[in-house]
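Chemist: Structure for the following, please:
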Amino acid sequence: MKFPVSKIRPNPFRDLDFNGFDPHTITGLMASIEDTGFWANVTGRVADDGVEIAYGHHRIEAIKRLYGDDYELEIAIADLDDRQMLKMMIAENINQRGNAAANEFETARALIHAIASGRIEVVVPEDAHEADIRYAPSFCAPKPGDVAAGPAYTFEAVSSFFNWDDRKSRYIFGALELDELGILPIGQLMGMGTSAVRQLVEATRNRLQTAERAQKREDERIVALEEEIAKTPMEPAPEVKEKIQAARVAKSEHLTRANRDIKETASTVRDQLEKREITTRAIKEVAREIELKNSDTTYTPPPPSARYVSGHKRRVEAFFEGNRGDEIDQIVGAAREIALISKASLDQVVGLSKSLRVLAEKSTDVATSLEEELAGLEDADFSTPLPENEKSTQADIDEDDAPF
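Modeler: Model prediction:
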């Protein structure tokens, strides 16, 4: 069926205010449509006097900007329920934007809001622990005495809907919970990759746990002082009261400082990711540096380049380990059977050999430079081989090492 653009509505679960159009995608689609025309493969369902599309939002927006609201498009109509509409939106997000945290935040929010409105149901396991239960549309655990305001769900039940593993669910819903609590604004995370967000969420949790431990120590101090007062029949000394008041103030300040550090960390990480000055594995290091800088006036942070050293060390150690080492062995073995190698393949093997020679020469130059710079340090021992238990393998070089 054909519909004018003005009658084409987005998927009801697509929140364009939260996760809007990508301008680069729109620009590319506009150029493609002008060159080859519009490919009529968008599916939707009839809604009132128009149509709700399941996917294809960027294409529709590109058409709108090119030809206006009155332009008519062919939309394939199907009998789609809410669950199918949400699943199809998820597929579009994955295909279009790949490994972006914003897609997963939008997906999770859409499902929880759909649960809250009764449009989609998830089954809460009978043996679900009370601490794991949430009430839509909230992402936060209810506090003692709170009255349930919406349908119950668990992250396990939601993860099952998406086929997400526990690790993925933990960071996605952890980020949304921190946003709802006002601790880590979700706006700071939009545009980041999933690995970066996971590291930032974990760093935030670590900082909050540090603050909670400090608060617990202040509580213990207050209890001890109050017990001291209780044992004294006379009016407690003014200095004891002052200590109790100081402990209460300190308890409050621990959380205030944690919130300040968390927001500064998120802002710093976002800026450094945009400038490609950081790896995701270094995010926790940045968080720790900010905490130390704000709590210790004598602390001097390391230069940004220092964060790359451990990552490069792992890559070098893993170069001939694991699968890559096996592949090199296979190439060397195949090269012995020259008669069976095609001319093109032989050229590639020769090229690999030359590249390895160049790499070896450059590596030697770098190693010499490092040794010359560190020659004056007593602790620098370049003769000690790397212990077997410290050698990295290719399995250690995961997505967290990749610079953005």
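Chemist: what number of residues lie near the spatially closest residue to Pro301 that is not a sequence neighbour?
Modeler: Leaving out its chain neighbours, the residue that sits closest to Pro301 by CB to CB, 6 or more residues apart in numbering is Glu289, at 4.7 Å. For the C-beta atoms, the positions are set from N, CA and C on the backbone; glycine is no exception. Glu289 sits with 18 neighbouring residues when counted by other CB atoms under 10 Å.
Chemist: does Glu289 count as helix, strand or coil?
Modeler: The three-state assignment at Glu289 reads helix, by DSSP: H, G, I helix; E, B strand; the rest coil.
Chemist: Let's see the pLDDT reported for Pro4.
Modeler: Pro4 carries a pLDDT score of 94 in this model.
Chemist: measure it to Glu74 for me?
Modeler: Distance, Pro4 to Glu74, using CB to CB, to the nearest Å: 12 Å.
Chemist: Helices along the stretch 301-404 of the chain, start to end?
Modeler: Ranges of helices within the stretch 301-404 of the chain are 306-318, 322-335, 343-373, based on DSSP state H, counting those that start in this stretch.
Chemist: For Thr297, find the nearest of those.
Modeler: Closest to Thr297 of these is helix 306-318 (CB to CB; 20.9 Å).
Chemist: mean confidence for the closest one?
Modeler: On average, helix 306-318 scores 69.
Chemist: Find the nearest non-adjacent residue to Gly50, please.
Modeler: Spatial nearest neighbour of Gly50, excluding adjacent residues (CB to CB, 6+ apart): Lys7 at 3.5 Å.
Chemist: was I right about that neighbour contacting Val51?
Modeler: Yes: with contact defined as CB atoms under 8 Å, Lys7 and Val51 form a contacting pair (6.5 Å).
Chemist: higher neighbour count, those two?
Modeler: Shown here are Lys7 and Val51; by other CB under 10 Å, Val51 has more neighbours (22 against 16).
Chemist: Could you pull up the residues touching that one?
Modeler: The neighbourhood of Val51, defined by CB atoms under 8 Å, 6 or more residues apart in numbering, consists of Met1, Phe3, Lys7, Ile8, Arg9, Gly44, Arg45, Ile75, Ile77.
Chemist: Also Arg205?
Modeler: Arg205 neighbours (CB under 8 Å, 6+ apart): Gly174.
Chemist: tell me which element it falls in.
Modeler: Using DSSP states H and E, Arg205 sits within helix 194-230.
Chemist: Can you list the buried residues in that helix?
Modeler: 194-205, 207-208, 210-211, 214-215, 218, 221-222, 225 (16 or more other CB atoms under 10 Å).
Chemist: Compute the number of surrounding residues for Ala114.
Modeler: Number of residues near Ala114 (other CB under 10 Å) recorded here: 21.
Chemist: That one and Arg357, how far apart?
Modeler: Using CB to CB, we find Ala114 at a distance of 60 Å from Arg357.
Chemist: Then Val123?
Modeler: Shown here: Val123 relative to Arg357, a distance of 61 Å by CB to CB.
Chemist: what residue ranges in this protein score low on pLDDT?
Modeler: 96-99, 233, 236, 302-308, 310-311, 314, 322-325, 334-341, 378, 384-404 (pLDDT under 70).
Chemist: the domain parsing of it - what is it?
Modeler: For the chain, whose domains are defined here by automatic domain parsing, the residue ranges read 2-81, 99-181, 211-295, 306-374+384-401.
Chemist: so can I have JSON lines of those domains showing distance to Met88?
Modeler: Below are the domains of the chain laid out as JSON lines (distance: least, CB to CB, whole Å):
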{"stretch": "domain 2-81", "distance to Met88": "4"}
{"stretch": "domain 99-181", "distance to Met88": "12"}
{"stretch": "domain 211-295", "distance to Met88": "30"}
{"stretch": "domain 306-374+384-401", "distance to Met88": "27"}
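Chemist: To Met190, which of those domains lies closest?
Modeler: Nearest of those to Met190, taken as CB to CB: domain 99-181 at 4.9 Å.
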